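Trainee: Provide a 3D model corresponding to the input given below.
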Amino acid sequence: MEIKAKEIFELLPHRYPFLLIDKILELDKEGEYIKVLKNVTINEPFFQGHFPGNPIMPGVLILEAMAQAAAAGLKFIFPEYKNSLFVFAGADKVRFRHPVYPGDTLILEAKGFKKKGRIIKTYAVAKVGEKVVAEAELIAGLREED
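Mentor: Now for the predicted structure:
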């Protein structure tokens, strides 16, 4: 199963230049698992300043891409939240293991979604090939209406 941009737009409120996932590769509702692809290109606006002559994807954006992958997954795993807005509420045990460069294909995986009240936690990992480049426990909160 592949889910491309148009359907991702229906799941997430993010848009260019902040939508950081390109395609959902795998989704296992019962196993509470999602696998997402992000193509990292030199055209990304952040590479202009991070760092000139030595472009490296900022760790905070890798973390955000992991959170977006997890947000897409939770919309499938908890269908009652399909039209709800979740916001990034925190991250624990964050580790950046290797840099990500233009031309890399980032594979983002989230699994083990746990719900408690308005909070959902999951474990996420980012890989380039088989190399883990980042991992974290992510926390999302259901946003209340203002």
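Trainee: longest helix anywhere in this protein?
Mentor: Among all segments of the chain classified by DSSP state H, the helix with the greatest residue count is helix 59-77.
Trainee: Partner strands of whichever helix or strand comes after that helix and their direction?
Mentor: Per DSSP states H and E, the first helix or strand lying C-terminal to helix 59-77 is strand 86-96. Here strand 86-96 has these sheet partners by DSSP bridges: strand 131-142 (antiparallel).
Trainee: Would you mark the buried spots in the strand it pairs with?
Mentor: When burial is assessed from 16 or more other Cβ atoms under 10 Å, strand 131-142 yields the following buried residues: Val133, Ala134, Glu135, Ala136, Leu138, Ile139, Ala140, Leu142. C-betas here are computed from N, CA, C, even on glycine.
Trainee: List just the nearest of these to Asn39.
Mentor: Each of those was scored against Asn39 by Cβ to Cβ, and Val133 proved nearest at 14.6 Å.
Trainee: For the longest helix of the chain, give me every contacting residue.
Mentor: Outside helix 59-77, the residues that touch it by Cβ atoms under 8 Å, 6 or more residues apart in numbering are 8, 11-12, 14, 18-21, 24, 27, 29, 32-34, 36, 38, 46, 81-82, 86, 88, 91, 94, 96, 100, 106, 108-110, 113, 120, 122, 124-126, 133-134, 136, 138, 140.
Trainee: Hey, what's the angle from it to strand 131-142? Just curious.
Mentor: If you take axes from the mean of the first three to the mean of the last three Cα atoms, to 10 degrees, helix 59-77 sits at 60 degrees to strand 131-142.
Trainee: For helix 59-77, give the mean pLDDT please.
Mentor: Within the predicted structure, the mean pLDDT of helix 59-77 is 96.
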